[in-house]
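A.B. asks: This is the structure alone, sequence omitted:
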């Protein structure tokens, strides 16, 4: 099925439409698949910060608190035992714990295409014929304002595998606008931004990466 994407110039003015039948914008949307991939991806980004000490790591407790027999009290070998206040923790969270979970590549690509299909259906994708603002924030801000999305969460995806220095410099001081190369796009980036700004070269890069 052919999808029509609106095209814009560097001033943010609509100049026409681009018709495409790319699978990038023609994937059947299944929210459950998108949710599964998103939760897996964000889980892989998680770092274990909580960390408790075992009885062997808590300082002190080397001396037996009292002799084994004859006191009438329960026997103890260390005041750093987990049953003592200030002692070690049994089965507590450890920083060595890994939260990484495997993500099927084919399913991940499919989920990303689902999000792109949804963005296209909602007219939240802007295809630029030109976005060269010579690395100037003022020009890029005028472009975003012309598109009517200034102040909204916007993801600018540049073609290729490397950072587009001019686009990055132009957009880095604009609130809620992020710039990433095509090879760094993932479902989390797309879901966390409402609007997508690309050009035709970006579409080709995305097809090479996510339509297989």
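C.D. replies: That came through, no problem. Remember, predicted model here, so these are calculated numbers, not experimental data.
A.B. asks: Residue 42: neighbouring residues, count only.
C.D. replies: Number of residues near residue 42 (other C-beta atoms under 10 Å) recorded here: 14. Glycine gets a C-beta too; all of them are placed from N, C-alpha and C.
A.B. asks: Now do the same for the closest residue to it other than its chain neighbours: helix, strand or coil?
C.D. replies: Of all residues not flanking residue 42 in the chain, residue 188 sits nearest, at 6.0 Å (C-beta to C-beta, 6 or more residues apart in numbering). Here residue 188 is helix, with the state taken from DSSP: H, G, I helix; E, B strand; the rest coil.
A.B. asks: again with the one 10 residues further on
C.D. replies: Assigned with three-state DSSP, residue 198 falls in the strand class.
A.B. asks: show me the contacts for the residue nearest to residue 42.
C.D. replies: 38, 41, 42, 45 (C-beta atoms under 8 Å, 6 or more residues apart in numbering).
A.B. asks: What is the burial count for the second one?
C.D. replies: Here the neighbour count serves as a burial measure; for residue 41 (other C-beta under 10 Å) it reads 18.
A.B. asks: now residue 19
C.D. replies: Other residues within reach of residue 19, judged by other C-beta under 10 Å, total 8.
A.B. asks: what's next to the helix or strand of the chain with the lowest mean pLDDT, contact-wise?
C.D. replies: In the chain, no helix or strand scores lower on mean pLDDT, DSSP states H and E than helix 165-171, which sits at a mean of 85. Here helix 165-171 makes contact (C-beta under 8 Å, 6+ apart) with 131-137, 139-140, 156, 158, 177-179.
A.B. asks: list the helices and strands the helix or strand immediately after it in the chain packs on?
C.D. replies: As assigned by DSSP states H and E, the chain's next helix or strand after helix 165-171 is strand 177-181. Where contact means 3 or more C-beta pairs under 8 Å, 6 or more residues apart in numbering; DSSP states H and E, strand 177-181 is packed against strand 154-158, helix 165-171.
A.B. asks: Tell me which of the contacts of residue 188 fall in helices.
C.D. replies: Among those, the ones falling in helices (DSSP state H) are 38, 41, 42, 45.
A.B. asks: Find the pair from these with maximum spatial separation.
C.D. replies: Greatest spacing in the ones in helices among the contacts of residue 188, by C-beta to C-beta: 38 and 45 (10.8 Å).
A.B. asks: neighbour count winner among the two?
C.D. replies: Looking at residue 38 and residue 45 with other C-beta under 10 Å, you find the greater number of neighbours at residue 38, namely 19 against 10.
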